[in-house]
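1. Sequence isn't available, so here's the structure alone:
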Ligand code: NZQ
Ligand code: ZN
């Protein structure tokens, strides 16, 4: 293990089929005014909305409605939520939904009492909150982002055509998250597989960095193998509880501050995917799958040893042949799995046209922790190969 670090994750998790029974305990101790933030209606259709509302009412909470948070939440919507939270003297933001609602809740949490422009402070200058932070709790309905146990908040600024994240510290992480795998049964297959790939790629982003023999890499390989195995079972039978619970648990650990320890981490696939997302509003996991293979093929020669290890340890590729041959077989196995899952493999399928490439390249942030620091020309090349 390299580096010095402090490890602390304050999010309390309630996991399993009966996890929602713990909601009353989880909200106990917070003040009476709860802002119930949720998405476009899936929780109303599934009946979860009524279940959550009845617990909150039984606990004597005053519920302030905050529905209609869109996937890839926008900065305008964050400002609306922040105003609503402030005006109603909110004591707890309860996010019921996927990563978008959880990310949105964290952005509202730090913006409600922020005395300056929150976009400039948090997402441009990357500063930490210096004013009151509202506590956030989550009831997760879609797995993939890890937002349920991290400080990440990714917001789209439509005016500036930028999708950008800030990873806040432990004081902004959810105080608790309810993780009931059965709540994900109603997800359309498209969203389920997008979430699986999102979680898988979070692991890759952390795994593909560094040259040392790191305990984190072994954790990464175990989680990747668990996700691959569960993905086939869940695709065959979406009500396979074992599979859905494995996916949920693996996705939480894929991005809850554990796997970046001792790693420089890459995150360039996410930067490319987020730029595509800013221009298309496409499903997050699909923006990642659409750029991954051209990106990994591009950097393979710079991180050959790790790509060789990925092929052998994650995909079971035989150790016969040159390092490059083995590494390429690993990426071929990754591609086959992505095809089996029905993931999007081209950005043109997400609405990108050749004339958009230059703008998307301008919106792509360059990261420095992976095996190769991209130039702008290389970003254009990778985006063109992803078309
Ligand atoms: O809005 P509703 O009606 O609820 O529908 C949602 C939405 O349309 C639907 N859905 C969610 N749970 C469902 C369901 N439909 C049926 N049954 C259920 N149980 O699924 C759609 C997508 O939901 P969303 O929350 O947008 O998906 P996801 O969890 O993938 O979140 C994506 C957002 O998280 C950000 C992404 O950039 C994107 O904005 N990320 C957050 C990260 C973090 N906090 O660390 C890291 C990630 O890399 C990612 O960037
Ligand atoms: Zn992601």
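-> Happy to help now that I have it. Quick caveat, the model's predicted, so the values are computed rather than measured. Numbering: from 1, shown residues only. Ligands and ions are numbered 1, 2, ... in the order given.
2. Every contact and neighbour count from this point should use C-alpha atoms.
-> Noted.
3. Which residues of the stretch 151-300 of the chain lie near ligand 1?
-> Proximity of the stretch 151-300 of the chain to ligand 1, by CA under 6 Å from any ligand atom, involves residues 152-154, 183-184, 186-187, 191, 195, 284.
4. switch the cut-off to 8 Å
-> Counting by CA under 8 Å from any ligand atom, the stretch 151-300 of the chain comes close to ligand 1 at 151-156, 163, 165, 167, 183-188, 191, 194-195, 198-199, 202, 255, 270, 274, 277, 283-285.
5. Could you list the domains of the chain?
-> 12-183, 189-386 (automatic domain parsing).
6. Output these as CSV; include the columns distance to residue 3, mean neighbour count and mean pLDDT.
-> Compiled in CSV, the domains of the chain are given as follows (distance: least, CA to CA, whole Å; neighbours: other CA atoms under 10 Å; pLDDT from 0 to 100):
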stretch, distance to residue 3, mean neighbour count, mean pLDDT
domain 12-183, 19, 20, 97
domain 189-386, 6, 20, 97
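7. Residue 1: which of these is closest?
-> Nearest of those to residue 1, taken as CA to CA: domain 189-386 at 5.2 Å.
8. first vs last residue of that closest one, how far apart are they?
-> Counting by CA to CA, to the nearest Å, you get 23 Å between the two ends of domain 189-386.
9. Now do that domain: distance to the chain's middle.
-> Offset of domain 189-386 from its chain centre (CA atoms, centre = their mean, to the nearest Å): 12 Å.
10. ditto for stretch 91-102
-> Distance, centroid of stretch 91-102 to centroid of chain: 14 Å (CA atoms, centre = their mean).
11. Mind listing residues that contact it?
-> With contacts defined as CA atoms under 8 Å, 6 or more residues apart in numbering, stretch 91-102 is touched by 30-39, 43, 69-73, 105, 109, 134-148, 153-154.
12. Equivalent analysis for stretch 310-320, please.
-> By CA under 8 Å, 6+ apart, stretch 310-320 touches 221-222, 224-225, 326-331, 333-334.
13. at 6 Å what do you get?
-> 221, 225, 327, 330 (CA atoms under 6 Å, 6 or more residues apart in numbering).
14. looking at the sheet around residue 139, what are its partners?
-> Beta-bridge partners for residue 139, by DSSP bridges, are residue 96, residue 178.
15. hang on, it packs against residue 178?
-> Yes. Counting by CA atoms under 6 Å, residue 178 is a contact partner of residue 139 at 4.7 Å.
16. what residues are up against the residue nearest the centre of the chain?
-> By CA atoms, centre = their mean, the chain has its centre lying nearest to residue 145, at 2.1 Å. With contacts defined as CA under 6 Å, 6+ apart, residue 145 is in contact with residue 99.
17. Same question for residue 152.
-> Neighbouring residues of residue 152 by CA under 6 Å, 6+ apart: 166-167.
18. Please repeat the previous calculation with a cut-off of 8 Å.
-> Contacts of residue 152 (CA under 8 Å, 6+ apart): 103, 106, 165-168, 173.
19. could I get the residues you listed as JSON lines with secondary structure?
-> Output for these, formatted as JSON lines (DSSP: H, G, I helix; E, B strand; the rest coil):
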{"residue": "103", "secondary structure": "helix"}
{"residue": "106", "secondary structure": "helix"}
{"residue": "165", "secondary structure": "strand"}
{"residue": "166", "secondary structure": "strand"}
{"residue": "167", "secondary structure": "strand"}
{"residue": "168", "secondary structure": "coil"}
{"residue": "173", "secondary structure": "coil"}
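20. Name the SS class of residue 232, please.
-> helix.
21. and the domains of the chain as JSON lines, adding distance to residue 2?
-> Listed next are the domains of the chain as JSON lines, based on distance: least, CA to CA, whole Å:
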{"stretch": "domain 12-183", "distance to residue 2": "21"}
{"stretch": "domain 189-386", "distance to residue 2": "5"}
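22. Would you map the helices across the stretch 1-150 of the chain?
-> In the stretch 1-150 of the chain, the helices defined using DSSP state H, counting those that start in this stretch lie at 23-27, 42-46, 48-58, 75-87, 99-111, 118.
23. Nearest to residue 368 among those would be which one?
-> Evaluated over the helices of the stretch 1-150 of the chain, closeness to residue 368 peaks at helix 99-111, with 24.5 Å, by CA to CA.
24. how about the closest one, does it reach ligand 1?
-> Yes. Against ligand 1, helix 99-111 shows contacts by CA under 8 Å from any ligand atom at 99-103.
25. Likewise for stretch 114-123?
-> No. Stretch 114-123 is not in contact with ligand 1 by CA under 8 Å from any ligand atom; minimum separation 13.5 Å.
26. Stretch 348-358 now?
-> No. Judged by CA under 8 Å from any ligand atom, stretch 348-358 stays clear of ligand 1, getting no closer than 14.9 Å.
27. what comes into contact with that stretch?
-> Outside stretch 348-358, the residues touching it (CA under 8 Å, 6+ apart) are 276, 279-280, 282, 287, 344, 380, 383-384, 386-387.
28. Now do the end-to-end distance for that stretch.
-> 14 Å.
29. isn't residue 199 right up against residue 146?
-> Yes. Contact criterion CA atoms under 8 Å: residue 199 and residue 146 qualify, at 7.5 Å.
30. where do the contact lists of these two overlap?
-> 251, 254-255.
31. could you show me where the strands are in this structure, in order?
-> Here the chain has its strands, by DSSP state E, at 12-15, 33-38, 62-66, 92-97, 136-140, 152-157, 162-167, 176-179.
32. between these, which one is nearest to residue 296?
-> Nearest to residue 296, of all the strands of the chain, is strand 162-167, at 22.1 Å by CA to CA.
33. strands paired with that closest one, and their directions?
-> strand 152-157 (antiparallel).
34. Pull the residues that contact stretch 188-200.
-> Contacts for stretch 188-200 (CA under 8 Å, 6+ apart): 142-146, 224, 227, 231, 235, 247, 250-251, 254-255, 283-286, 288-289, 341-343.
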